[in-house]
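Participant: Requesting a structural model of the entry that follows:
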Amino acid sequence: MKFAIEWTRDRLGIVALLAALLVATLHRAEGGDLFPASALSSPPAQQPGVEVGFYFIDYRVERIEAQLDEMTSRLQAAPRYVMFYRDLGRPFWRPLCDVIREHDAVPVVSMELWRWRDAERNQLPAIARGDWDPYFRAWAGDARKYGDPVFLRFGFEMNGDWFSWSGQPETFIAAWRRIHGIFEEVGADNVRWVFSPNNVSVPDREENSIPKYWPGDDYVDWLGVDGYNFGDHHDQWHTWQMFDEVFAQVLDLYAKERPLLPVMISEFGCAPGEPGQRAAWIQDASQAIARRPQIKAAIWFHYDKRREGEPNWSFWDDEAEVRAFRSGFFPGFTTER
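Facilitator: Prediction:
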């Protein structure tokens, strides 16, 4: 596990941090089925601000680059992260990663453990037993050649029944550890592994809870979590939720059990709501995130999913929402990086 410790002048604070590291070592997760009980209590030192990114969807590099340029111009600030999805069989997307790097940003790859044309087939057992080893070895080799940091959300939202790799915690852990081992063998140490469940487990049962999927401390670099405010009008099960209502339960779990790991809000978004509601939600979200120093990154799901039965998560058409995002998430964070 990689810890970044900021020393302070407070000797008691130093002692507490050293004690926390000792306890973390003694309680390292050897299994993978549960977060072990932890006596860690000291949160990581406050960092100046949270670095923000966006999810883009397109299959053409030039279109994503144009969207990134437009976003930088509209926000008068440069996003730090650019997230995109890749399914099994698709190679490391070097041309897009080069464009992202040219914009002084970091790629975040959300790896789906299925093929898009065969989305219902469960490939997780095949990954765990090694059938996909050559593919992941080539992918890791290309990532290593890229050289700069790449965040990898391997099998994200594994606790949600909308994905074929969900509901199989033991197999998920075996697959994660196997592929993580390949990346280590190849020397792709520029890849940061992000454990990224959904904020709510579906089905909501103990055997499908987030801790059941934990691969172990030696296999995770960042903690992630995905969550959305679907609003009052999406369906009968959703109501308007502020940021803490969406994320607090998981963030509290992370703060208690893994306080020394950085956290990424790896997908978040808000339905439009009534006029002014989303702008207020964005302001509240920026303040809620600022109150949690463990959160180091946040990625807005910048995509209109109405054709797929979800809200329009993009706030691009409302200038008040653009201003709310700019003022809440980019204070002093300009294109001159």
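Participant: chain center to whichever helix or strand residue 327 is part of: distance?
Facilitator: Secondary structure from DSSP states H and E places residue 327 in helix 319-329. Helix 319-329 has its C-alpha centroid displaced from the chain centroid by 22 Å (CA atoms, centre = their mean, to the nearest Å).
Participant: so where does the residue lying closest to residue 215 once chain neighbours are set aside fall, helix or strand?
Facilitator: Of all residues not flanking residue 215 in the chain, residue 176 sits nearest, at 4.3 Å (CB to CB, 6 or more residues apart in numbering). (Each C-beta comes from the backbone N, C-alpha and C, glycine too.) Taking DSSP H and E as the criterion, residue 176 maps to helix 169-186.
Participant: now residue 298
Facilitator: Assigned by DSSP H and E, residue 298 falls within strand 295-301.
Participant: now that strand against helix 319-329, angle please.
Facilitator: Angle of strand 295-301 versus helix 319-329, following axes from the mean of the first three to the mean of the last three CA atoms, to 10 degrees, is 160 degrees.
Participant: residue ranges for the helices of the stretch 201-337 of the chain, please.
Facilitator: 243-257, 277-290, 319-329 (DSSP state H, counting those that start in this stretch).
Participant: Quick check: next helix or strand after the worst-scoring helix or strand of the chain on mean pLDDT?
Facilitator: Ranked by mean pLDDT, DSSP states H and E, the helix or strand of the chain with the weakest confidence is helix 11-26, at a mean of 39. The helix or strand immediately downstream of helix 11-26 is strand 51-55, counting by DSSP H and E.
Participant: CA-only coordinates of that following strand in PDB, if you can.
Facilitator: Extracted as PDB, the C-alpha positions of strand 51-55 are listed here (Å, rounded to 0.1, in the frame of the first residue of the first chain):
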ATOM      1  CA  GLU A  51      -9.100  17.700  -8.600                       C
ATOM      2  CA  VAL A  52     -12.100  17.300 -10.900                       C
ATOM      3  CA  GLY A  53     -12.800  15.400 -14.100                       C
ATOM      4  CA  PHE A  54     -15.500  14.400 -16.600                       C
ATOM      5  CA  TYR A  55     -16.700  11.300 -18.300                       C
END
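Participant: Can you give me the neighbour number for residue 291?
Facilitator: When neighbours are defined as other CB atoms under 10 Å, residue 291 has 8 of them.
Participant: What separation do you get for it and residue 243?
Facilitator: Going from residue 291 to residue 243 by CB to CB, to the nearest Å gives 10 Å.
Participant: Residue 106 too?
Facilitator: Counting by CB to CB, the gap from residue 106 to residue 243 is 23 Å.
Participant: same thing with residue 168?
Facilitator: In terms of CB to CB, residue 168 sits 30 Å off from residue 243.
Participant: what does residue 274 give?
Facilitator: Distance from residue 274 to residue 243, counting by CB to CB: 18 Å.
Participant: swap in residue 135?
Facilitator: The gap separating residue 135 from residue 243 is 37 Å, by CB to CB.
Participant: which of these two has more neighbours?
Facilitator: residue 243 (22 against 16).
Participant: The more buried one and residue 285 touch, don't they?
Facilitator: Yes - with contacts counted by CB atoms under 8 Å, residue 243 reaches residue 285, the gap being 4.0 Å.
Participant: So for the two, which residues contact both of them?
Facilitator: The contact sets of residue 243 and residue 285 overlap at residue 268 (CB atoms under 8 Å, 6 or more residues apart in numbering).
Participant: Give me the local confidence score for residue 74.
Facilitator: Turning to residue 74, the model gives it a pLDDT of 88.
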